[in-house]
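Visitor: Everything below, folded, please.
(chains A and B)
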There are 2 protein chains.
Amino acid sequence: MSTENSVFSKVAIHTFTNKPWNLEACIAHYTRAGVPAMSVWRNLIDPAEGGVGIEEATKRVRDSGLAIPALVRGGFFPWPTVEERQNAIDLNRQYVDEAAALGAEMVVLVVGAVPGLDLAEARKQVRDGIAAVADHARDAGVKLAIEPLHPMYAADKSCVNRMAEAREICEALQHPAVGIAADVYHIWWDPDVEAELRLAAEQNTLFGFHICDWRVNTRHLLTDRGLMGDGCINVAKFRRLVHSLGFEGYHEIEVFSEDYWAMDQEKYLELILQREEACR
Amino acid sequence: MSTENSVFSKVAIHTFTNKPWNLEACIAHYTRAGVPAMSVWRNLIDPAEGGVGIEEATKRVRDSGLAIPALVRGGFFPWPTVEERQNAIDLNRQYVDEAAALGAEMVVLVVGAVPGLDLAEARKQVRDGIAAVADHARDAGVKLAIEPLHPMYAADKSCVNRMAEAREICEALQHPAVGIAADVYHIWWDPDVEAELRLAAEQNTLFGFHICDWRVNTRHLLTDRGLMGDGCINVAKFRRLVHSLGFEGYHEIEVFSEDYWAMDQEKYLELILQREEACR
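Guide: All right, here's what the predicted structure looks like:
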């Protein structure tokens, strides 16, 4: 097997991509299909969301033999009150513990935003929140990966919208546990994206790499992502770039799509893997 | 009347904001309501789109006494073939002539993008296209205002998505006819937006200023904009900022909204003017 092939065989799927499946189904189907890794969304863990609880999830994940690049997702640090911000920090420490239990490399941080809260203040609260969790993460052997979210989510999901903004937090904190999850969906449009990926690789902060596609006629801001090949992102180019920069992590497939969730999920998984192969 | 008031009485409405109205209705209603200016969308002019033709439009606009900040919109420079790109340049020269006829200060440029065409190449084609139109615009006494469009339009409408990217084109061309139209809808999320507005003012490239709002639960990428006050943008802050930077142009209200287009447009116009007053 060539180096090229072994790199591109490091494929992971986010459980939310197959939203109709529970944890047991994800494990069974990914294992059967030869997918070596999955990133676990917390809805499959949290009993309040119908999940199996962290103990049961840990047992199943550990027994599966699947690698777990990420627990998804922590973050949401900005809040109007000190109490709410402290609660967010406590929750993120809990997520770090859950990630450690699962054997996940990192917690992906969707950093949060509060409509009407000044974005500069929100960004400060994000930096402070991550700083308050970073030592705990390091001690647990878990990384914190800031995921810059597309600017269309700046109102209420993420006040960090470009690689450069995530880098600035990393540079301010200079903490070995703090880095970036780069998702092509959010960053493909940015003229600085290649330079920033290069910088992240140099600064050892390129922790995660997510792939999917941007449908040219996007019909919904949240749930109309495309599979690789459905849209306008040159995913293969991004994959080759991060590979050339020495990135050795998983290429995580993360797609939120009402259309695909409505499909037979076994057929969809076949399609996912075909599309992954087609954009190497 | 205080200086403050006289600045904020420089309000304009984009005809597309009242999409159900034709040119005659826009002129009649805006004039009756005391709106001093309107920016004219080409669908009201182009006979192919049901418009009255440039001669008739010119007569009506000139007779109305309304000021015309902008003809909207030119641009769409990137195309796969040389012929198509030349056609775009020719069209933009025609729009410049139309703007001059109408007495419009500027043509707003939505610069274009082609799905699958490399964004760096598209940006080069935009720069070249604007360069090819700039002298003609200067000679006609018309400005060309590059409007950075929100990154969610990068696939097919605009490969220029931030103030910085528009500034870089202005700096490359160094042409007195080439500047920027800053629309809060597209740029509010950007950490650099205040610095870039300041730079644009210093470089005499802040040609246009558009206001509306970002609905926190945006339901459609194109036609779900809010009126000022409907969303999360601190529009008053932006208005005060551009005022403090010496901007003396119109504050142009540009809202695309299926909800508002479904309203009685006279009642909607009253609401528009109330909301404009409330965000001074």
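
Visitor: residues contacting residue A:205?
Guide: A:167, A:170, A:178-180 (CB atoms under 8 Å, 6 or more residues apart in numbering or on different chains). Where C-beta positions appear, they are placed from N, C-alpha and C, glycine not excepted.

Visitor: so residue A:49 touches residue A:42, yeah?
Guide: Yes: counting by CB atoms under 8 Å, residue A:49 sits close enough to residue A:42 to count as a contact (7.2 Å).

Visitor: which one of those two has more residues nearby?
Guide: residue A:42 (20 against 10; other CB atoms under 10 Å in any protein chain shown).

Visitor: Now do the contacts for the more buried one.
Guide: Residues in contact with residue A:42 (CB under 8 Å, 6+ apart) are A:49, A:51, A:71-73, A:95, A:98.

Visitor: Among those residues, which one lies nearest to residue B:241?
Guide: If you rank the contacts of residue A:42 by distance to residue B:241 using CB to CB, residue A:73 comes first, at 34.2 Å.

Visitor: Am I right that that closest one is in a helix?
Guide: No: note on residue A:73: no helix contains this position according to DSSP: H, G, I helix; E, B strand; the rest coil, which reports strand.

Visitor: So it sits against residue A:107, correct?
Guide: Yes: counting by CB under 8 Å, residue A:73 touches residue A:107, with 7.3 Å between them.

Visitor: How about the residues of chain A by chain B?
Guide: Applying CB under 8 Å from any CB of the partner chain, one finds that chain A approaches chain B through A:115-116, A:118-120, A:123, A:150-152, A:154-156, A:161, A:165, A:188-191, A:214, A:216, A:218-219, A:221, A:231-232, A:234.

Visitor: Identify those among these that sit within helices.
Guide: Assigned to helices by DSSP state H, the following of the residues of chain A next to chain B qualify: A:119-120, A:123, A:165.

Visitor: Please tabulate the residues you listed in a markdown table, including the columns pLDDT and neighbour count.
Guide: Shown next, in a markdown table, are these (pLDDT from 0 to 100; neighbours: other CB atoms under 10 Å in any protein chain shown):
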| residue | pLDDT | neighbour count |
| --- | --- | --- |
| A:119 | 97 | 22 |
| A:120 | 97 | 11 |
| A:123 | 98 | 20 |
| A:165 | 98 | 21 |
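
Visitor: Pick out whichever of those sits closest to residue B:267.
Guide: For those, the nearest to residue B:267 is residue A:119 (33.4 Å; CB to CB).

Visitor: and the closest one, how far is that from residue B:243?
Guide: According to CB to CB, to the nearest Å, residue A:119 and residue B:243 sit 21 Å apart.

Visitor: Residue A:251 too?
Guide: Distance from residue A:251 to residue B:243, by CB to CB: 49 Å.

Visitor: neighbour-wise, which of these two wins?
Guide: residue A:251 (27 against 18).

Visitor: From the contacts of residue A:42, keep the buried residues only.
Guide: A:51, A:71-73, A:95, A:98 (16 or more other CB atoms under 10 Å in any protein chain shown).

Visitor: The closest residue to residue A:20 other than its chain neighbours: neighbour count?
Guide: Nearest residue to residue A:20 in three dimensions, chain neighbours excluded: residue A:265, at 5.4 Å (CB to CB, 6 or more residues apart in numbering or on different chains). Using other CB under 10 Å, residue A:265 has 19 neighbouring residues.

Visitor: Kindly report the same for the one 5 residues further on.
Guide: Using other CB under 10 Å, residue A:270 has 12 other residues around it.

Visitor: again, but for residue A:203
Guide: Residue A:203 has 14 nearby residues by other CB under 10 Å.

Visitor: Is the spatially closest residue to residue A:253 that is not a sequence neighbour part of a helix or strand, or is it coil?
Guide: Distances taken as CB to CB, 6+ apart put residue A:13 closest to residue A:253, at 4.9 Å, once the chain neighbours are dropped. Secondary structure state of residue A:13, per three-state DSSP, is strand.

Visitor: And for the one 4 residues further on?
Guide: For residue A:17, the assignment made with three-state DSSP gives helix.

Visitor: Around it, how many other residues sit close by?
Guide: Residue A:17: 27 surrounding residues under other CB under 10 Å.

Visitor: any idea of the pLDDT on it?
Guide: Model confidence at residue A:17, given as pLDDT, is 98.

Visitor: Same check on residue A:9?
Guide: Listed pLDDT for residue A:9 reads 71.

Visitor: Okay, it and chain B: tell me how far apart.
Guide: For residue A:9, the distance to chain B equals 27 Å [CB to the nearest CB, to the nearest Å].

Visitor: where does chain A dip in pLDDT?
Guide: Flagging of chain A using pLDDT under 70 yields the residue ranges A:1-8.

Visitor: All the strands of it, residue numbers only.
Guide: A:11-14, A:37-41, A:70-75, A:106-110, A:143-146, A:178-183, A:206-211, A:251-253 (DSSP state E).

Visitor: Residue B:35: which of those is closest?
Guide: Set against residue B:35 and scored by CB to CB, the strands of chain A come closest in strand A:106-110, at 42.0 Å.

Visitor: could you give the angle of that closest one to strand A:37-41?
Guide: 50 degrees (axes from the mean of the first three to the mean of the last three CA atoms, to 10 degrees).

Visitor: Just want the angle from strand A:106-110 to strand A:206-211.
Guide: Going by the same axes, to 10 degrees, strand A:106-110 makes 70 degrees with strand A:206-211.

Visitor: what's the angle between strand A:106-110 and strand A:70-75?
Guide: Using the same axes, to 10 degrees: strand A:106-110 against strand A:70-75 is 40 degrees.

Visitor: for strand A:106-110, the distance to its chain's centre please.
Guide: 6 Å (CA atoms, centre = their mean, to the nearest Å).
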